[in-house]
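> A structural model of the following input is requested.
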Amino acid sequence: MAYFKLYLAKDEDELVLNYDTETSELRRENGDIVIPQDVFKDWKPFLKMDEGKRKITKIKIQLGLKCNYSCEYCSQRFVPRNPDDSYTIEKEYVDSNEIDSFIEKFDNISIGEELHFEMWGGEPFLYYAKMKSITEKLHAKFPEATFSVITNGSILNEEIINFLQQYNYAVAISHDGSGQKTRGPDPLDDPEKKKWIFKLRNLFVNENKFSVNSMIHKNNSSRAEVNHWMKNNFGVVPIGEGGTIDAYDEGGKSMSWKTPEEHINFRRQAYKEVVNKQLSQFSIVNQKIQSFHDSLKEQRPSSSIGQKCGMDRSDTIAVDLNGNVTTCQNVTVTSSNPHGTSHHIGTMENLEDVDIKAGTHWSDREECVKCPVLHLCQGSCLFLPSGSEEWKLSCDNSYSDNVVWFAAGLYEITKGYTLYRIESDDLPEYRKDVFGFERGQYAQ
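Sure, this is the predicted structure:
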């Protein structure tokens with residue numbers, strides 16, 4: 001079991017709580033439980049990653065990894081492209097036989113009660129002709145299925161927007177607000193691109209089908225600044241994503257916090273912005289805090305926690321147009337994890353034999369098992385090898401982010417007490433000392 005003693009303070013008052021990540025029990029020093037279980041669920045242990053896929057409810061379709069932007073921390077930048085990955089923006093060639101062959105593969109898979117398709121690039125609209133053909137055929141085959149796509153917004157036009165409307169797509173624009181320079185050009189600086197992005201926004205936002213997705217990192221550390229920028233430039237729209245980056249290569253590593261002082265400063269800033277309610281448009285605020293509260297109310301066991309990306313789930317797959325199954329949508333069959341293990345994990349013809357060998361589940365990582373924010377973090381990135389510099393930096397990024405949500409959740413539960421120290425034999429000092437305070441001197 002993983003027990004943690006939590007020290008909180010409010011003005012001159014001190015509060016000590018005991019937290020068990022294995023059982024999701026939060027107790028006072030006298031043993032009284034802080035939040036009794038009020039919702040009973042028959043939690044089932046997560047399936048091992050070599051137990052195959054079945055009753056699929058989410059399918060991530062990888063159209064190709066080519067992109068017209070170059071984000072400094074892109075998770076796909078280091079990935080070798082498939083040899084057949086080609087496109088032209090103006091007149092993309094679509095092989096109808098190839099598309100029909102891909103669609104036929106869905107005859108052989110077990111579908112769950114609800115089905116959702118995510119279309120992925122690179123920049124997916126570089127592959128618009130293929131995406132359109134695939135969507136039309138999938139809609140005819142699965143008329144109740146839903147669709148979504150994430151785009152940088154730079155290639156939108158009237159035809160694409162009409163297509164997205166016709167098939168009731170949910171659309172997210174990738175944009176880092178005040179930190180956009182780390183992604184590349186700002187499409188809002190181009191009047192023509194801005195016109196189509198705003199048309200999309202106006203048509204989709206009232207249907208809850210539009211968001212702007214931003215990432216947080218060393219060079220874009222203030223969610224409050226992003227929130228302010230978005231309000232002034234996009235209007236009042238939901239901000240999706242909102243978490244810290246993983247360090248996949250030199251770009252991601254350069255944008256990660258590295259010293260204890262850098263981590264402390266980020267946590268202080270992030271916590272202040274949350275409790276002072278400066279993040280009105282960020283969906284992640286309610287998602288994280290509510291998820292933590294629900295885990296306590298439902299006493300969710302750690303044995304039921306899946307990876308944050310969801311790719312370990314038995315009902316979720318990522319596929320390319322040849323019917324190959326990959327670890328996730330950000331890799332290809334020709335790529336491997338940093339230890340040389342292939343990301344090609346199976347085929348659509350035989351999903352029950354899918355085996356994620358290129359990834360490590362959180363339950364097999366010593367750091368995760370002994371971490372107080374496990375229920376919020378859910379193991380960082382699946383295929384970063386334990387012990388690597390990329391994993392260490394990604395894990396530290398995720399800890400500093402999620403300990404803020406952990407503290408914010410406790411702040412609400414205790415009506416204003418600030419977490420300032422977490423005691424455990426297995427935590428290093430820079431993780432025990434949450435905000436760099438002797439005790440809870442946090443001031444709003």
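> and stretch 119-128, average pLDDT?
On average, the pLDDT along stretch 119-128 is 95.
> measure the closest residue to E98 other than its chain neighbours to K130 for me?
Leaving aside its chain neighbours, E98 sits nearest to L321 (6.7 Å; criterion: CB to CB, 6 or more residues apart in numbering). Quick note: C-beta positions are derived from backbone N, CA and C, even for glycine. Here the criterion is CB to CB, to the nearest Å. By it, L321 lies 7 Å from K130.
> quick one, grab the pLDDT at S75.
The confidence metric pLDDT takes the value 80 at S75.
> so where does I59 fall, helix or strand?
Element membership for I59 (DSSP states H and E) is strand 56-62.
> who does the helix or strand following that strand touch, helix- and strand-wise?
Using DSSP H and E, the helix or strand that directly follows strand 56-62 along the chain is helix 96-104. In terms of contacts (3 or more CB pairs under 8 Å, 6 or more residues apart in numbering; DSSP states H and E), helix 96-104 is packed against helix 128-141.
> buried set for the helix it packs on?
Y128, A129, K130, M131, K132, S133, I134, T135, K137, L138, H139 (16 or more other CB atoms under 10 Å).
> excluding chain neighbours, what is closest to the fourth one?
The one in question is M131. Leaving aside its sequence neighbours, M131 sits nearest to M119 (CB to CB, 6+ apart; 5.4 Å).
> L188 and Q180, how far apart?
As judged by CB to CB, L188 and Q180 stand 8 Å apart.
> ok, those two, which is more surrounded?
More crowded of L188 and Q180, by other CB atoms under 10 Å: Q180, with 21 against 16.
> looks to me like the more buried one is in a helix.
Yes: counting by DSSP: H, G, I helix; E, B strand; the rest coil, one finds Q180 located in a helix.
> so who does it touch?
Contacts of Q180 were listed using CB atoms under 8 Å, 6 or more residues apart in numbering, and they are D186.
> now swap in K258 and tell me
For K258, the residues meeting the contact criterion (CB under 8 Å, 6+ apart) are L393.
> got it, and L115?
Contacts of L115 (CB under 8 Å, 6+ apart): I56, T57, K58, I59, F142, E144, A145, T146.
> I'd say the fifth one and I111 touch.
Yes: counting by CB atoms under 8 Å, I111 is a contact partner of F142 at 7.5 Å.
> helices or strands up against the helix ranked longest in the chain?
Criterion DSSP state H: the longest helix present in the chain is helix 389-413. Counting contacts by 3+ CB pairs under 8 Å, 6+ apart, helix 389-413 packs against strand 239-244, helix 250-254, helix 260-275, helix 283-297, helix 374-377, strand 418-423.
> can you say which of these is nearest to S24?
Taking CB to CB as the measure, these were each checked against S24, and helix 283-297 came out nearest at 4.7 Å.
> tell me what angle that closest one forms with helix 260-275.
Relative orientation of helix 283-297 and helix 260-275, computed by axes from the mean of the first three to the mean of the last three CA atoms, to 10 degrees: 90 degrees.
> among the helices and strands packed on helix 389-413, which gets the worst mean confidence?
Across these, the lowest-scoring stretch is helix 250-254, with a mean of 92.
> ok, residues contacting that one?
With CB under 8 Å, 6+ apart, helix 250-254 has contacts from 71-75, 77, 218, 245-247, 389-390, 393-394.
> how does it look with 10 Å?
The set of residues external to helix 250-254 that reach it, using CB atoms under 10 Å, 6 or more residues apart in numbering, is 70-75, 77-78, 182, 217-219, 245-247, 389-390, 392-394, 397.
> flag the shaky bits of this protein, pLDDT-wise.
1, 40, 81, 83-93, 438-444 (pLDDT under 70).
> kindly recompute the last result at 80.
Counting by pLDDT under 80, the low-confidence segments of the chain come to 1, 38-48, 76-94, 337-339, 437-444.
> remind me, longest strand of it?
The strand of greatest length in the chain, counted in residues with DSSP state E as the criterion, is given as strand 111-120.
> where's that strand relative to the chain centroid, distance-wise?
Relative to the mean C-alpha coordinate of its chain, strand 111-120 is positioned 17 Å out (CA atoms, centre = their mean, to the nearest Å).
> again, but for stretch 393-402
Stretch 393-402 has its average C-alpha position 13 Å from the chain's average C-alpha position, going by CA atoms, centre = their mean.
> ok, now stretch 193-209?
A distance of 23 Å separates the centroid of the chain from that of stretch 193-209, by CA atoms, centre = their mean.
> buried stuff in that stretch?
Counting neighbours by 16+ other CB under 10 Å, one finds that the buried residues in stretch 193-209 are K193, K194, W196, I197, L200, R201, L203, F204, V205, K209.
> which strand or helix spans the spatially closest residue to E158 that is not a sequence neighbour?
Distances taken as CB to CB, 6+ apart put W196 closest to E158, at 7.4 Å, once the chain neighbours are dropped. Using DSSP H and E, the element containing W196 is helix 191-204.
> which residues are in contact with both of L188 and Q180?
Shared between the contact lists of L188 and Q180 (criterion: CB under 10 Å, 6+ apart) are residues N233.
> quick one on the thing from earlier: which residues are common contacts for F142 and I111?
Counting by CB under 10 Å, 6+ apart, the residues touching both F142 and I111 are I59.
> list the contacts for C74?
The contact partners of C74, by CB under 10 Å, 6+ apart, come to L65, C67, G122, T182, R183, G184, I245, Y248, D249, G251, G252, N330.
> redo these as CSV? Include neighbour count.
Formatted as CSV, the entries for the contacts of C74 read as follows, by neighbours: other CB atoms under 10 Å:
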residue, neighbour count
L65, 24
C67, 18
G122, 22
T182, 19
R183, 21
G184, 18
I245, 29
Y248, 23
D249, 16
G251, 19
G252, 23
N330, 25
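> nearest to A2 among these?
I245 (26.1 Å).
> OK, contacts around the closest one?
When the contact criterion is CB under 10 Å, 6+ apart, the partners of I245 are 71-75, 182, 215-220, 251-253, 255-256, 381, 393-394, 397-398, 401.
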